[in-house]
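Enquirer: need a structure here:
(2 chains)
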Amino acid sequence: MDNNLDLLIKKLFPENLPSPAELEIKYPPRQLAETAMVTRVAPSPTGFVHFGGLYASLISKRLAHQSNGVFILRIEDTDKKREVEGTAELFANSLKQYSIINDEGLNEKTEEKGSYGPYKQSERSDIYHAYIKYLLQQGKAYPCFASTEELEALRAQQENMGERSGYYGHFATWREKSVEEALEALEKGLKPVIRLKSPGNFQNKIMVDDLLIGRREMPENDQDIVIMKTDGLPTYHFAHAVDDHLMRTTHVIRGNEWFPSLPLHLQLFSVLGWQAPAYAHLAPIQKMDNGNKRKLSKRKDQEADLSYYKKAGYPEEAVIEYLLNLANSNFEDWRRENPNANNEEFVLSLKKLAKSNGPLFDLIKLTDISKEVIAKMSAEEVFTHTLNWAKEFNQNLAKRLEADTTYAKQILNIERENAVKPRKDIAKWSDIEDEISYFYDDSLNVNSALKKEILNEIGNNEVKLIISDFLAIYDIKDEQEEWFNKLKTVAEKHGYASNNKEYKASPDKYKGQVGAVAKLIRILLTGRTQTPNLCAIMQVMRQERIKKRLNNI
RNA sequence: GGUCUCUUCGUCUAACGGCUAGGACGCCAGGUUCUCAUCCUGGUAAUAGGGGUUCGAUUCCCCUAGGGACUACCA
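Expert: Sure thing, here's the model as predicted:
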C-alpha cells in the first residue's frame, strides 16, 4: 500500500524536488522588527492595470514602508489561458510611475530583486510541487480524475436537489478511491488534478479575523478544492498559502472578493502547519450603473484601466492623493494643514479605512484634487509634465512647446509662480493645448465671430481710435497697476466710466465701463472673452504680436 | 438557492450611547476682480423602513427592504 503510494507520487512528480525542510532554510524568517509589516501586491497579468490594483498597491506599499517593512510585487501567472504577455512589466512600470516602488520582485526592466524569489509563480513550480508531494504523502491531498463533464453533471444534480454545489463530502468520489484506482487511471493516460482532502465540516463555525471587517463567524471549509491543475500549475488558493508563507508576508491586503475564501485559506495554512498572515480585505471601488453600484469593470469602464488617467494626463500625484483620500478620509484635513508637504509624509492608517462596501468612483473629485495639485507646481514642472505627456499623446502640442521653450514656459507661468493665488483651471495635461493656443499665431482665429460682434457693437472707427490711443501710451514693461490706469485713461477719454460703481451710479452718462474696453482688447488679442489676467498675457505676448493683433481690424 | 457582508446629504465620509448630526466635492446665491479661474460669505441636502433595550440610539439587539461579494482545473 505504502509502496503503491510512493509509486503514484513518483509517477506524478518524477523530478527531483526540495523537501519542505530545505525550503524553510532557503527562505528563513526575515530579520525585521516586531512591528514591521511585509506586504505584497499580487496581480495576475491579464493585459492591463486595474485602478483597484493601484489602490491596493498604494496601501500595501505605504503600510510596509511606514513600518520599516518590505513591499513585494509578485506576479500570479498561473492561468496560462488568460495571460497577456508584457503585463508583468507594465505593472512594474505603472507602479513606478506612481512612485510605488517595490522592494522585492519584478522591476520595470524585467529583472528581479530580493532573495525570496522567484517572484513569478510560473517559475515556482518546484516549490509548489514539493508541498503537494508532501501533502500526498501525508494523505492530506489526493489525485482526482473527474472530467469537466462529470463535474458539470455533479453541479447540475446538486442544484436539482437543492444542495450546495461543489466537490465535498460524499460527492467527492475520488477522495475515497484507492491508490490502485488512481494508478489505473494514470495508466490510461488520464491527467489528474490534485485536491485538498479538506478536514473541515460545513456545520462547524469558525471565527475569522479581518483587520477591516473585524471578527466574524463563518462556516468551516469542507470543499476539496483543486490545489494543482492538470497543467501542473497551482491554483490561486494554494499558491497564496505557499508564497505568502515562504515570502514571510505578515499582512495580506487584497480585494474583498477574497473574503469568502478566508476559511479555505486559513485551512490551507493549518494543513501545511503554518501560521497564517493577518488579512485586510478592501472594498472595491465601484461605479453607478443604471441606478446600481457595481465594481469598476475593465470591459465597461474606461476609468478602470490605469492607462485612462495617463492618456487624459492626470498627474500621478493627483491620482495618488485621490486614492489616499478614499483610503483615509482625514487625508484632506491633513492636506489643508500641510499644503506643501509631500503626500508621502501622510501616515496611512489601516484602521481608518472605511468598512462600507466600496466607494463610488468620482471623476469630479479627482478633477478638483488634480487642479489643486497642478496649481502648486512651478511653470517648469508644468512644462516638463506637459511636454512628456504631449510627446506620447499629442505630437502637435509637443512640437509647439519645443519650438520655443522659453515662450512656452512664460505662458505657463501666467498667474502661477508670482501669483498670490495661483490659477486653478488646469486639471490634466490635455487641457493645456486649449489653454495656450491663442498665444500662437497659427492658432488664433483672426476672423472670429466674437471679433465681428464687438466691432459691430463699438464701431470700426471708434475701435481704431481706442486702439491707437491705447498703443500710444502702453508700455510692455507696465505692471498691473500702471497698466490698468492707462486702460482707465483710454476708457474715460472715449466715454467709458473708469469703474463699475461710477457707471452704476449714473449709467446714462457713459457708454459703458472700463470692462468694455478690456473686453475689446481681450477679444482682439486672444479671440476669447475669457482669459487670465490681460496685463500678464500682454507681457508674455511681446510688443510686435500685440501691435499686429490690435491693428488687424 | 446557499454562505458572507454592507446601508449617514447627489458623491466621499466624521460623530466614547449624550451639544442644533460635522467636514470635503458638487450645486445655488451674494461679494471682490478688466473677463475667466481663484478667493471670501452664506445656503442646499442625510442617519433605508419598522420594532425593541435605554433617561437618551446614527451608535446596541431583532425583523423587513435594498445593495455588494463569493459559490471554476479564473484570479
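Enquirer: Specify the residue ranges that define each domain of chain A.
Expert: Listed by automatic domain parsing, the domain ranges of chain A are A:125-281, A:288-375, A:378-430, A:444-553.
Enquirer: Mean pLDDT lowest where, among those?
Expert: Ranked on mean pLDDT, the bottom entry among these is domain A:444-553, at a mean of 85.
Enquirer: re earlier: now render the domains of chain A as JSON lines, adding mean neighbour count and distance to RNA strand B.
Expert: Every residue, glycine included, has its C-beta placed from N, CA and C. Listed next are these as JSON lines, based on neighbours: other Cβ atoms under 10 Å; distance: least, Cβ to the nearest atom of the strand, whole Å:
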{"stretch": "domain A:125-281", "mean neighbour count": "17", "distance to RNA strand B": "4"}
{"stretch": "domain A:288-375", "mean neighbour count": "16", "distance to RNA strand B": "3"}
{"stretch": "domain A:378-430", "mean neighbour count": "17", "distance to RNA strand B": "3"}
{"stretch": "domain A:444-553", "mean neighbour count": "16", "distance to RNA strand B": "4"}
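Enquirer: Redo those as TSV? Include distance to residue A:10.
Expert: Listed next are the domains of chain A as TSV, based on distance: least, Cβ to Cβ, whole Å:
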stretch	distance to residue A:10
domain A:125-281	9
domain A:288-375	43
domain A:378-430	55
domain A:444-553	78
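Enquirer: quick one: average confidence on stretch A:86-102?
Expert: Predicted confidence along stretch A:86-102 averages 92 (mean pLDDT).
Enquirer: For it, buried residues please.
Expert: A:87-95, A:98, A:100, A:102 (16 or more other Cβ atoms under 10 Å).
Enquirer: from the residues you listed, which is closest to residue A:526?
Expert: residue A:98 (36.1 Å; Cβ to Cβ).
Enquirer: Enumerate every residue touching the closest one.
Expert: Contacts for residue A:98 (Cβ atoms under 8 Å, 6 or more residues apart in numbering) come out as A:54, A:58, A:316, A:319-320.
Enquirer: With residue A:451 instead?
Expert: By Cβ under 8 Å, 6+ apart, residue A:451 lies in contact with A:523-524, A:527.
Enquirer: can you do 10 Å?
Expert: By Cβ atoms under 10 Å, 6 or more residues apart in numbering, residue A:451 lies in contact with A:445, A:463, A:520, A:523-524, A:527, A:552-553.
Enquirer: among these, which two are most distant?
Expert: With distances taken as Cβ to Cβ, the most widely separated pair in these is A:445 and A:463, at 17.8 Å.
Enquirer: circling back to that earlier point, now the contacts of residue A:98 as TSV including secondary structure?
Expert: As requested, the contacts of residue A:98 are exported to TSV (DSSP: H, G, I helix; E, B strand; the rest coil):
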residue	secondary structure
A:54	helix
A:58	helix
A:316	helix
A:319	helix
A:320	helix
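Enquirer: can you name the two of those residues that are farthest apart?
Expert: Across these (Cβ to Cβ), the longest gap, 11.0 Å, separates A:58 and A:316.
Enquirer: so which strand or helix has residue A:126?
Expert: Residue A:126 belongs to helix A:125-137 when assigned by DSSP states H and E.
Enquirer: Tell me how far that helix lies from the chain's centre.
Expert: Averaging C-alpha positions (Cα atoms, centre = their mean, to the nearest Å) puts helix A:125-137 36 Å from its chain's average.
Enquirer: before we move on, what about stretch A:265-283?
Expert: With Cα atoms, centre = their mean, you get 27 Å for stretch A:265-283.
Enquirer: how about the CA coordinates for it, as PDB?
Expert: Coordinates of each C-alpha in stretch A:265-283 appear next as PDB, following Å, rounded to 0.1, in the frame of the first residue of the first chain:
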ATOM      1  CA  HIS A 265      -7.100  29.900   3.100                       C
ATOM      2  CA  LEU A 266      -6.800  29.500   6.900                       C
ATOM      3  CA  GLN A 267      -7.400  25.800   6.500                       C
ATOM      4  CA  LEU A 268      -4.600  25.600   3.900                       C
ATOM      5  CA  PHE A 269      -2.200  27.300   6.300                       C
ATOM      6  CA  SER A 270      -3.300  25.000   9.000                       C
ATOM      7  CA  VAL A 271      -2.900  21.800   7.000                       C
ATOM      8  CA  LEU A 272       0.500  22.900   5.900                       C
ATOM      9  CA  GLY A 273       1.400  23.600   9.500                       C
ATOM     10  CA  TRP A 274       2.000  27.300   9.100                       C
ATOM     11  CA  GLN A 275       0.900  30.400  10.800                       C
ATOM     12  CA  ALA A 276      -1.500  32.400   8.700                       C
ATOM     13  CA  PRO A 277      -0.800  36.100   8.000                       C
ATOM     14  CA  ALA A 278      -3.100  38.900   9.000                       C
ATOM     15  CA  TYR A 279      -5.700  39.900   6.500                       C
ATOM     16  CA  ALA A 280      -7.300  43.100   5.400                       C
ATOM     17  CA  HIS A 281      -9.900  42.900   2.700                       C
ATOM     18  CA  LEU A 282     -10.500  46.100   0.800                       C
ATOM     19  CA  ALA A 283     -13.800  47.200  -0.500                       C
END
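Enquirer: Stretch A:294-301 spans what distance, first to last residue?
Expert: From its first residue to its last, stretch A:294-301 covers 11 Å (Cα to Cα, to the nearest Å).
Enquirer: which residues are contacting that stretch?
Expert: Contacts for stretch A:294-301 (Cβ under 10 Å, 6+ apart): A:46-48, A:50-52, A:255, A:257, A:283-289, A:302-305, A:308, A:358, A:360-361.
Enquirer: In strands, which of those residues fall?
Expert: Using DSSP state E, A:255, A:286-289 are the members of the contacts of stretch A:294-301 that sit in strands.
Enquirer: out of the residues you listed, who's nearest residue A:366?
Expert: residue A:287 (13.1 Å).
Enquirer: How about the contacts made by the closest one?
Expert: Residues counted as contacts of residue A:287 (Cβ under 10 Å, 6+ apart) are A:293-297, A:300-301, A:303-304, A:358, A:360-362.
Enquirer: Next: residue A:190.
Expert: A:143, A:145-147, A:182, A:184, A:230.
Enquirer: Against residue A:150, how distant is it?
Expert: 12 Å (Cβ to Cβ, to the nearest Å).
Enquirer: list residues touching both of residue A:58 and residue A:316?
Expert: Common neighbours of residue A:58 and residue A:316 (Cβ under 10 Å, 6+ apart) are A:98-100.
Enquirer: Looking at these, spot the one nearest residue A:454.
Expert: residue A:98 (46.7 Å).
Enquirer: got the contacts of residue A:190 as TSV, with secondary structure and distance to residue A:66 columns?
Expert: What follows is these, written out as TSV (DSSP: H, G, I helix; E, B strand; the rest coil; distance: Cβ to Cβ, whole Å):
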residue	secondary structure	distance to residue A:66
A:143	strand	45
A:145	coil	49
A:146	coil	47
A:147	coil	50
A:182	helix	50
A:184	helix	57
A:230	coil	43
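Enquirer: ok, which pair from the residues you listed is furthest apart?
Expert: Pairwise distances across the contacts of residue A:190 peak at 17.4 Å for A:184 and A:230 (criterion: Cβ to Cβ).
Enquirer: So which residues of the stretch 301-450 of chain A form helices?
Expert: Applying DSSP state H, counting those that start in this stretch to the stretch 301-450 of chain A gives helices spanning A:307-312, A:316-327, A:331-337, A:363-375, A:379-393, A:395-403, A:405-412, A:432-436, A:449-458.
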